[in-house]
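Enquirer: What would the 3D arrangement of this be:
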Amino acid sequence: MSRPLRPGSSPPRRPAAIHAPAPRPARPATPADADAPPREGERIAKLLARAGVASRREVERLIGEGRVRLNDEVVTTPATVLKNLKGVSVDGKLIAAAAPARLFRFHKPEGLITAERDPGGRPTIYNALVNALPAGTPRVMPVGRLDLNTEGLLLLTNDGGLKRAMELPATGISRTYRARTFGDISQARLEELIEGIEIEGVRYGAIDANMERRTGRNQWIELSLTEGKNREVRRVLEHLGLQVSRLIRTAYGPFPLGDLARGAAVEVRQTDVETFRKALKLGS
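Expert: Coordinates of the predicted model:
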C-alpha cells in the first residue's frame, strides 16, 4: 500500500509501461457533490419552475442575468439550495408559495411555434393563449412540444415538476397521433415499428402503428409512442417512404384532445390532476 505524499514532495516515478491518467484538478465543493452532506431543500431553479415562474432553463437564464434575488442579494447560481421561496424575488417581485398544480388542454393550430418567443417573429402559442385561457390564469408552460406544422393536443401546466415528469421518456407516458399520409405502405410493415427503428444513427423506440383507413395511396395512420423525440413521427413515416400532409396529436397519457375546438383551451379537473400526479408518484 502506498503512503501519502508529504507536502512539497514529488510523486515517485512509475514504470514506463504504465500510463496513469493525469489527476483532475480539484474543484470547489457544490451542493451536488457526492461527498457533500445531504442537502435540505431543493435547488432554487427547481423551486421557481415548480412555482410556475418559468421553465428550469429559463430560470437559469434569469439567474445568469442577475434578475433573481434572495433577501436583496443577487442569486449567482441555479444550484442554490433553499427550503422554500421565502424572500426570493424575480425582477423585484416577491415569489409567492407554489400554487396547486393545474393542467390545461389546448388545441394547438398548425402555424404556431411552441415557445414563449421566436427570433424570427413567427406567432407562438402564447399569442393564441391570451384569448384561450380564462382571466387570472397563472403563467403556464407547455408539456413537450408540437412543431410548427403539427396540430392537436398540447398540455399546459403551471407546475415545473409535473411538466418535467410528463416529458421524461422514462415515465413511459403514451402520446397518440393521427397522420394523413400519401404513399405505399402495408399494415405488416407498420407493425414492424413495434420493435423500434434506427434512422441515420438515431434509435427510435417502440411505436404502435395502425392503418385507420385508405383511399388509393392516401391513408390515415394512428401511432402511439412514449419517447417523443424531435419530429419523431414525421421522420419515421418519411423513412418508410410516406409523405405526411397532416399530423394531429390526439392524446397525451390519459388526456384526450376530444372535440376541443382549434385554438381553444380547457382546464383539467383538479381531482383528475391530483389522481394523475399520485400515479406518477409526485405527491400532492
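Enquirer: show me what contacts D147?
Expert: By Cβ atoms under 8 Å, 6 or more residues apart in numbering, the contact set of D147 is 114, 230-231, 234. Backbone N, C-alpha and C define where each C-beta goes, glycine included.
Enquirer: Turn those into a markdown table, including secondary structure and distance to G152.
Expert: Conversion of the contacts of D147 to a markdown table gives the following (DSSP: H, G, I helix; E, B strand; the rest coil; distance: Cβ to Cβ, whole Å):
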| residue | secondary structure | distance to G152 |
| --- | --- | --- |
| T114 | coil | 12 |
| N230 | coil | 16 |
| R231 | coil | 15 |
| R234 | helix | 13 |
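Enquirer: could you flag which of those are buried?
Expert: Of the members of those, the ones counted as buried by neighbours, 16 or more other Cβ atoms under 10 Å, are 114, 234.
Enquirer: Which of the contacts of D147 scores worst on pLDDT?
Expert: The lowest pLDDT within those belongs to N230, which sits at 86.
Enquirer: returning to what we had before: of all the contacts of D147, which comes closest to R213?
Expert: Distances from those to R213 were compared by Cβ to Cβ; the smallest belongs to R234, at 20.2 Å.
Enquirer: From the chain's centre, how far out is stretch 50-67? Work that out for me.
Expert: Shown here is stretch 50-67, whose average C-alpha point lies 15 Å from the average C-alpha point of the whole chain (Cα atoms, centre = their mean, to the nearest Å).
Enquirer: again, but for stretch 196-211
Expert: Going by Cα atoms, centre = their mean, the spacing between the C-alpha centre of stretch 196-211 and its chain's C-alpha centre is 20 Å.
Enquirer: Mind listing what's buried along it?
Expert: Judged by neighbour count using 16+ other Cβ under 10 Å, the buried positions of stretch 196-211 are 197, 204-205, 207, 209.
Enquirer: Kindly report the same for stretch 85-95.
Expert: Going by neighbour count (16+ other Cβ under 10 Å), the buried part of stretch 85-95 is 85, 88-90, 95.
Enquirer: From the rest of the structure, what touches it?
Expert: So stretch 85-95 is in contact with 44, 47-48, 51, 53, 62, 67-71, 75, 82, 96-98, going by Cβ under 8 Å, 6+ apart.
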